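[1] what follows is a predicted structure for the sequence shown.
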Amino acid sequence: SVSAEVLAAGGALGAMESSGSKSCLEIWTEENAKLVAELKNISTNTAKWTDILRQNFVYFIKLLEKIQGLPPTVPSIPLELTVLYNAIVLNISLSDVVCNDDSLLLKGFTRGLEAYGKHFDERGIAKLWEMTFRSISDPTFIQTIDQLIYLQCLLWLSRNQLEDVEVVLHMLRERSSSVSDVNIQHDDLWQCIKTGNLLKDSSGSHLLLVQSLSTLGKLMYTCATFLRGFRKVEQGHYLEAIDILQPAAEGLCSKRILAEIYTLIGYSSVQLGRPQTGLQYFRWALQADIQCFPALYHAAMVYRQLETVEAELEALNHLSVLLESWDQSKDANHVEPQILIQPEQLVRIPSTSHLLTSVNQVYVKHSLARRCLQMGRTEGAAEHYLDLLASFFEGSQKEIFLVADSTVPRIPEIYLEAAVALLQCQRYHDVITICEEISCKMSTLLSEKLTYEIIVNEWLPKDCLERTEIDMVCQSSHSDHLSQSQTHCATKKETLNYILWMATAFLYQAQAFALLGNNKESLTNFSRCVNLLLKVQVVGPSDSGEPNNEIDTLKENIMEIKYLQKLKSLAFVGKGMQLTERGQDREALQNFHLSLQACSDSMEAAYNLVQVLWKLKRKDEAVSFWQKYYRSTKAAAEKVQQESGSQKFSLFLISHLKEVSASEEEAVSKMVHAHYTHHSKVKSTTEFLRPMSYL
């Protein structure tokens with residue numbers, strides 16, 4: 001029977017004592033005390049601190065195995081649970097990721113109940129602890145069980161299980177109020193943890209702990225408060241988040257956790273319309289931990305919001321430099337010398353969160369390059385883009401080409417943005433090299449089909465217009481949860497992307513050759529661009545009575561089709577301009593007309609068309625076209641631009657061969673108006689001088 005085993009074990013533990021020697025219990029107690037003292041007397045700055053921790057963890061486990069080699073008894077169970085507590089604390093301290101296995105704690109609870117002849121079928125630790133407290137009144141046993149409950153709360157915190165922690169803490173508060181003269185029933189739950197009113201260290205106990213309960217309480221308060229505040233920020237309750245997080249900054253914080261608390265408060269302040277307050281908290285975060293990259297990134301975004309370009313670029317550049325030089329292994333982050341468990345071991349931020357997760361180095365480099373390009377700092381943009389492209393071929397990024405991080409554009413688009421920057425700073429040979437790389441890669445992904453059809457009724461259904469779902473399929477091979485029509489539509493869009501990227505590469509190669517004065521190669525590449533784009537045919541369903549309406553709807557709603565039309569327009573304009581240089585004005589005129597068919601609001605096509613008509617002495621036709629263009633197309637284009645300014649083309653879809661300036665546009669308008677006025681006067685004079693016929 002259990003009672004017989006317990007009596008036998010008790011006899012074994014005390015046998016040596018009756019003969020004058022120390023009992024096993026005394027030896028084990030001294031061994032525990034020796035291990036604890038050794039840890040407390042060694043500085044955490046010791047070079048072999050981690051090795052010492054690991055060695056002592058092994059000793060505690062061996063000691064625990066010796067104790068658990070015998071059935072549990074009332075005298076031995078406090079020591080057993082104390083050694084178990086010390087072993088688990090060291091295990092957490094040594095772990096990069098806290099283990100989800102609660103079996104050691106559960107085994108400790110079970111053996112404790114066996115020592116008192118109790119058994120419960122309940123497997124939940126919280127319920128088991130509650131029933132233990134109600135059925136056993138031994139204060140020494142309850143104290144050691146409470147130690148394990150605190151450890152269980154820390155493990156729950158590491159899994160973001162705040163609700164389970166709160167349930168246990170409520171029970172602790174109720175128990176403390178019932179056995180204490182001090183009423184803490186209405187006190188703030190987390191404040192009770194911070195002040196140590198729920199669990200106190202056992203004074204005068206001969207059983208030593210590697211980490212005091214008061215320290216664990218402060219650690220639990222900091223981590224729980226941090227997680228509560230973080231949740232409020234994610235939910236958009238920014239004022240509540242600030243109220244929760246500000247006291248947490250005064251708790252037991254490592255420099256990293258303190259910096260992250262300041263970052264969350266700063267972010268919340270910015271969302272509440274207080275950018276300067278946010279910037280101040282970001283500064284405090286960086287003072288606490290210079291490697292708090294999210295704080296630096298959010299500060300850069302605030303500077304962007306405030307339109308302080310110099311500060312934004314400086315912050316992004318500094319962030320990029322820090323990311324390149326960051327060595328995580330050298331990141332010392334201890335709270336205090338004798339704190340074995342660090343707060344960041346218990347605080348796990350979801351990887352999907354954009355608030356505090358590690359800033360992606362590719363994203364930072366791209367943001368810096370892109371902002372320089374947008375602000376017209378082409379030399380800086382070109383260097384940053386080339387640096388970014390070089391990083392794609394280093395280490396694990398060597399194989400990445402088509403799929404980028406979700407926060408940055410697709411890799412071919414980054415290449416094309418780099419081509420734009422290089423075009424603007426007149427590095428034409430580099431443009432040709434980069435675009436050749438894109439076209440070569442895309443050619444291996446495209447079939448030799450003569451045409452590529454886009455059937456309207458395959459693209460217009462609602463499930464094919466959901467951009468987030470389609471993009472997810474385009475950038476992932478895991479499409480099991482999507483419908484067959486969505487997968488088919490996404491595959492077609494991805495193929496279209498290949499065509500668009502390759503055509504854009506041909507376009508920029510053609511522009512680079514044109515600017516180098518190589519008319520022949522320029523025409524060749526413009527023709528390659530046009531021929532590739534003409535492979536794409538947008539067709540209506542055969543049973544549709546009004547296919548043109550559906551095709552127009554498709555062109556208005558699918559951004560890839562808008563890109564296609566814009567590229568056609570740019571390619572035809574570029575080809576027409578090269579033909580004009582060769583004196584082939586009629587062929588050039590045809591290309592300008594085709595450009596306007598692809599994109600009716602193309603100012604470059606309209607401007608060049610009028611110039612060629614004028615050169616061919618077809619001035620009346622030029623006047624008629626320009627007037628018509630201004631009355632309808634240009635006015636409509638300006639209206640659309642005002643109504644949908646957010647729907648802009650990608651940064652790489654810009655023509656850099658010949659942009660029509662406002663002065664050039666005004667000059668053409670004056671030229672056309674002067675001709676029209678002169679023509680009208682001549683016509684009026686002719687009519688006046690014509691002989692009148694009399695009946």
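    Sure, I can see it. Since we're looking at a predicted model, the values are computed, not measured.
[2] which stretches of the stretch 301-450 of the chain form helices?
    309-325, 343-346, 361-374, 378-391, 411-424, 428-443 (DSSP state H, counting those that start in this stretch).
[3] show me what counts as buried in the last one.
    Neighbour-count burial for helix 428-443, with 16 or more other Cβ atoms under 10 Å as criterion, is recorded at 428, 430-432, 434-435, 438-439, 441-442. All C-beta atoms are positioned from the backbone trio N, CA, C, and that covers glycine.
[4] then the third one?
    Of the residues in helix 361-374, 361-373 count as buried by neighbour count, 16+ other Cβ under 10 Å.
[5] who's in contact with residue 158?
    With Cβ atoms under 8 Å, 6 or more residues apart in numbering as the criterion, the residues that contact residue 158 are 98, 345-348.
[6] thinking again about what came up before, which one of the buried residues of helix 361-374 is nearest residue 493?
    Ranked by distance to residue 493 (Cβ to Cβ), those are led by residue 366 at 22.6 Å.
[7] skipping adjacent residues, who's closest to the closest one in space?
    Nearest residue to residue 366, sequence neighbours excluded (Cβ to Cβ, 6 or more residues apart in numbering): residue 408, at 4.9 Å.
[8] list the contacts of that neighbour.
    Contacts for residue 408 were tallied using Cβ under 8 Å, 6+ apart; they are 360, 362-363, 366, 414.
[9] do you know how far residue 293 is from residue 49?
    27 Å (Cβ to Cβ, to the nearest Å).
[10] ok, those two, which is more surrounded?
    residue 293 (23 against 15; other Cβ atoms under 10 Å).
[11] mind checking pLDDT for that one?
    Per-residue confidence (pLDDT) for residue 293: 90.
[12] same thing with the one 10 residues further on?
    Predicted confidence (pLDDT) for residue 303: 95.
[13] what's the neighbour count on it?
    Residue 303: 20 neighbours (other Cβ under 10 Å).
[14] surely residue 537 forms part of a strand?
    Yes. Counting by DSSP: H, G, I helix; E, B strand; the rest coil, residue 537 is found in a strand.
[15] who's it bridged to?
    As for beta bridges, residue 537 partners with residue 453 under DSSP bridges.
[16] I'd say it and residue 449 touch.
    No. The pair residue 537 / residue 449 is not scored as a contact, 10.9 Å apart, by Cβ atoms under 8 Å.
[17] how is residue 273 assigned, secondary-structure-wise?
    Secondary structure, three-state DSSP: residue 273 is coil.
[18] now the longest helix seen in the chain: buried residues?
    Ranked by residue count and defined by DSSP state H, the top helix of the chain is helix 484-515. Buried residues in helix 484-515, counted by 16+ other Cβ under 10 Å: 486, 489-490, 492-515.
[19] which helices and strands does the helix or strand hosting residue 218 pack with?
    Following DSSP states H and E, one finds residue 218 within helix 213-235. With contacts taken as 3 or more Cβ pairs under 8 Å, 6 or more residues apart in numbering; DSSP states H and E, helix 213-235 sits against helix 139-158, helix 162-179, helix 189-195, helix 238-248, helix 255-271, helix 343-346.
[20] can you redo the helices of the stretch 301-450 of the chain as a markdown table with mean pLDDT and distance to residue 599?
    Output for the helices of the stretch 301-450 of the chain, formatted as a markdown table (pLDDT from 0 to 100; distance: least, Cβ to Cβ, whole Å):
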| stretch | mean pLDDT | distance to residue 599 |
| --- | --- | --- |
| helix 309-325 | 88 | 31 |
| helix 343-346 | 84 | 53 |
| helix 361-374 | 89 | 23 |
| helix 378-391 | 91 | 26 |
| helix 411-424 | 93 | 19 |
| helix 428-443 | 94 | 22 |
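[21] so which of these gets nearest residue 260?
    helix 343-346 (8.5 Å).
[22] other SSEs contacting that closest one?
    helix 139-158, helix 213-235, helix 255-271.
[23] need the residues that contact stretch 372-388.
    Against stretch 372-388 from outside (Cβ under 8 Å, 6+ apart): 309, 313, 362, 365-366, 368-370, 414, 417-418, 420-422, 424-425, 427, 430, 651.
[24] now the longest helix of the chain: mean pLDDT?
    87.
[25] related to what we said a few turns ago, now the helices of the stretch 301-450 of the chain in CSV, with distance to residue 65?
    Shown next, in CSV, are the helices of the stretch 301-450 of the chain (distance: least, Cβ to Cβ, whole Å):
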stretch, distance to residue 65
helix 309-325, 46
helix 343-346, 25
helix 361-374, 46
helix 378-391, 50
helix 411-424, 54
helix 428-443, 59
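[26] the residue nearest to residue 52 when sequence neighbours are not counted sits in which helix or strand?
    Spatially, and ignoring its direct neighbours in sequence, residue 52 is nearest to residue 42 (6.0 Å; Cβ to Cβ, 6+ apart). Under DSSP H and E, no helix or strand contains residue 42.
[27] I figured residue 42 hits residue 49, correct?
    Yes. Applying Cβ under 8 Å, one finds residue 42 in contact with residue 49, separated by 7.0 Å.
[28] give me phi/psi at residue 136?
    Dihedral pair for residue 136: phi -130, psi 130, per degrees, to the nearest 10.
[29] quick check, central residue of the protein?
    Geometric centre of the chain, nearest residue: residue 354, 4.8 Å, by Cα atoms, centre = their mean.
[30] any idea how far residue 381 is from it?
    Distance from residue 354 to residue 381, by Cβ to Cβ: 25 Å.
[31] could you do residue 281 as well?
    For residue 281 relative to residue 381 (Cβ to Cβ), the value is 31 Å.
[32] before we move on, what about residue 364?
    For residue 364, the distance to residue 381 - Cβ to Cβ - is 15 Å.
[33] one more: residue 531?
    31 Å.
[34] quick one, which of these two is more surrounded?
    residue 381 (25 against 12).
[35] what average pLDDT does stretch 80-93 get?
    Stretch 80-93 carries an average pLDDT of 91.
[36] who's in contact with residue 283?
    residue 299.
[37] part of a helix, is it?
    Yes. Under three-state DSSP, residue 283 sits within a helix.
[38] quick one: end-to-end length of stretch 591-605, please.
    Taking Cα to Cα, to the nearest Å, stretch 591-605 runs 9 Å from one end to the other.
[39] what residues sit buried inside it?
    Quick answer for stretch 591-605 (16+ other Cβ under 10 Å): 591-592, 594-596, 598-605.
[40] of the residues you listed, which belong to strands?
    Among these, no residue falls in strands (DSSP state E).
[41] biggest separation within these, which pair?
    Maximum pairwise distance in those, criterion Cβ to Cβ, is 17.1 Å, between 591 and 601.
[42] re earlier: what is the mean pLDDT for the helix holding residue 218?
    Helix 213-235 comes out at a mean pLDDT of 90.
[43] angle of it against helix 255-271?
    Interaxial angle, helix 213-235 versus helix 255-271 (axes from the mean of the first three to the mean of the last three Cα atoms, to 10 degrees): 30 degrees.
[44] pull the CA atoms of helix 213-235 into PDB?
    This file holds the C-alpha atoms of helix 213-235, laid out as PDB (Å, rounded to 0.1, in the frame of the first residue of the first chain):
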ATOM      1  CA  LEU A 213       9.900  34.500  -5.100                       C
ATOM      2  CA  SER A 214       9.900  38.300  -4.800                       C
ATOM      3  CA  THR A 215      12.200  38.500  -7.900                       C
ATOM      4  CA  LEU A 216       9.900  36.200  -9.800                       C
ATOM      5  CA  GLY A 217       7.000  38.300  -8.800                       C
ATOM      6  CA  LYS A 218       8.600  41.500 -10.200                       C
ATOM      7  CA  LEU A 219       9.600  39.600 -13.300                       C
ATOM      8  CA  MET A 220       6.000  38.400 -13.800                       C
ATOM      9  CA  TYR A 221       4.700  41.900 -13.300                       C
ATOM     10  CA  THR A 222       6.900  43.400 -15.900                       C
ATOM     11  CA  CYS A 223       6.300  40.700 -18.500                       C
ATOM     12  CA  ALA A 224       2.600  40.500 -17.900                       C
ATOM     13  CA  THR A 225       2.200  44.200 -18.000                       C
ATOM     14  CA  PHE A 226       4.200  44.400 -21.200                       C
ATOM     15  CA  LEU A 227       2.000  41.800 -22.900                       C
ATOM     16  CA  ARG A 228      -1.200  43.500 -21.700                       C
ATOM     17  CA  GLY A 229       0.000  46.800 -23.100                       C
ATOM     18  CA  PHE A 230       1.200  45.200 -26.400                       C
ATOM     19  CA  ARG A 231      -2.300  43.600 -26.900                       C
ATOM     20  CA  LYS A 232      -3.900  47.000 -26.300                       C
ATOM     21  CA  VAL A 233      -1.700  48.600 -29.000                       C
ATOM     22  CA  GLU A 234      -2.500  45.800 -31.400                       C
ATOM     23  CA  GLN A 235      -6.200  46.400 -30.700                       C
END
